[in-house]
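Chemist: What follows is a predicted protein model with its sequence.
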Amino acid sequence: MPTLTAVDFTAPDAAREFASSLRETGFGVLKNHPIDKALVSRIYETWENWFKTGDKTGFDFSRDTQDGFFPASISEKAQGYDVKDIKEYFHFYPWGRIPEDLRADVEAYYAGANKLAATLLSWVEANTPADIAKNYRVPLSSMIADSQKTLLRILHYPPMTGSEEPGAVRAAAHTDINLLTILPAANEPGLQVQAKDGSWIDVPCEFGTLVVNIGDMLQEASGHYYPSTKHRVINPTGERSEKSRISMPLFLHPRPDVVLSDRYTADSYLKERLRELGVL
């Protein structure tokens, strides 16, 4: 069965190995990266408490701005599925709402992850064949510069109760909309990526590793050279079913005016997908 191997961020050949993993699987795993593990751990702990006991007054999601708290009752349905995912989440943008006692850590993480993201996008572009790279209308790292659309989603998958809707899973198989998704390893396993042969690969979840996957916008911009790969979060079993799972993907979105291809700008692509998901 195919596997995903962590790439050492500090190694001389890290950029090439990382881009090769993205090309082959749509996913890359990084170790020894610059994201502060203590910061991530603290965010996981404080947000797990907030989802369980926090005052959510005034943070209901906005359909217009897409920020705030999205309860399980309006959770997403993946394309092709009739049942909602078993999750709730909070959308953070630097201009958006957030509980003030949680703001500092989240803003610090957001800034650090965006800085790393620019490096990773430059790695991707540097390892794109010239005949493919000519499709990029601007450098990949420039697409996210000063973007107000890059989204940090803090996800809470609650413990399983046995009363879940038949067929519901924590996150049904889907692809991401954006350029790249940057994801610190969650506090619990469950993330899987679909291999080319249709089988499902467990994504390493050792705390301190960073998972990166291609989104549909990068697939579009690269003429499908970089594949946006389906992934899912499966339901836990045994003792793990009694535990919450906290996850914190950063979805890198270009500025709305960025041209992805002859068919789409970043804005037109995003709106089309949000309408498909039923959240716009």
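Modeler: Here it is on my side, so go on.

Chemist: can you give me the helices in the stretch 1-150 of the chain?
Modeler: For the stretch 1-150 of the chain, the helices defined by DSSP state H, counting those that start in this stretch occupy 14-25, 37-53, 100-126, 130-133, 140-143.

Chemist: The ones you listed: which one's closest to Y226?
Modeler: helix 14-25 (5.8 Å; CB to CB). C-beta coordinates here come from the backbone N, C-alpha and C atoms, glycine included.

Chemist: Which strands and helices lie in contact with that closest one?
Modeler: Applying 3 or more CB pairs under 8 Å, 6 or more residues apart in numbering; DSSP states H and E, we find helix 14-25 packed against strand 6-8, strand 27-31, helix 100-126, strand 210-214.

Chemist: deepest of the helices of the stretch 1-150 of the chain, which one?
Modeler: Across the helices of the stretch 1-150 of the chain, the average number of neighbours (mean count of other CB atoms under 10 Å) peaks for helix 140-143, which reaches a mean of 21.

Chemist: Please tell me how far that one is from the chain's geometric centre.
Modeler: Distance of helix 140-143 from its chain centroid, counting by CA atoms, centre = their mean, to the nearest Å, is 18 Å.

Chemist: one step back: which one of the helices of the stretch 1-150 of the chain lies closest to T237?
Modeler: Closest among the helices of the stretch 1-150 of the chain, using CB to CB: helix 37-53, at 20.6 Å.

Chemist: The stretch 101-250 of the chain: strands as residue ranges?
Modeler: Counting by DSSP state E, counting those that start in this stretch, one finds strands in the stretch 101-250 of the chain at the ranges 151-157, 171-174, 180-184, 191-194, 200-202, 210-214, 231-233, 245-247, 250-251.

Chemist: for this protein, where's the lowest mean pLDDT among helices and strands?
Modeler: One helix or strand of the chain scores below all others by mean pLDDT, DSSP states H and E: helix 266-277, with a mean of 88.

Chemist: any chance of the helices and strands packed on helix 14-25 in JSON lines, plus mean pLDDT?
Modeler: Output for these, formatted as JSON lines (pLDDT from 0 to 100):
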{"stretch": "strand 6-8", "mean pLDDT": "95"}
{"stretch": "strand 27-31", "mean pLDDT": "95"}
{"stretch": "helix 100-126", "mean pLDDT": "97"}
{"stretch": "strand 210-214", "mean pLDDT": "95"}
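
Chemist: what number of residues lie near the closest residue to P159 other than its chain neighbours?
Modeler: Spatial nearest neighbour of P159, excluding adjacent residues (CB to CB, 6 or more residues apart in numbering): E242 at 5.1 Å. By other CB atoms under 10 Å, 10 other residues sit near E242.

Chemist: Poorly predicted segments of the chain, please.
Modeler: Scanning the chain for pLDDT under 70 picks out the ranges 1-2, 278-280.

Chemist: just to revisit the earlier point, can you redo the helices of the stretch 1-150 of the chain as JSON lines with distance to L4?
Modeler: Output for the helices of the stretch 1-150 of the chain, formatted as JSON lines (distance: least, CB to CB, whole Å):
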{"stretch": "helix 14-25", "distance to L4": "6"}
{"stretch": "helix 37-53", "distance to L4": "20"}
{"stretch": "helix 100-126", "distance to L4": "16"}
{"stretch": "helix 130-133", "distance to L4": "23"}
{"stretch": "helix 140-143", "distance to L4": "22"}
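
Chemist: Relative to T161, which of those is closest?
Modeler: helix 37-53 (13.9 Å).

Chemist: Please state the offset of the closest one from the chain centre?
Modeler: 17 Å.

Chemist: Stretch 54-64 now?
Modeler: Stretch 54-64 has its C-alpha centroid displaced from the chain centroid by 21 Å (CA atoms, centre = their mean).

Chemist: Okay, now it: how far is its last residue from its first?
Modeler: 24 Å (CA to CA, to the nearest Å).

Chemist: Which parts of the least confident helix or strand of the chain count as buried, going by neighbours?
Modeler: 266-267, 269-270, 273 (16 or more other CB atoms under 10 Å).
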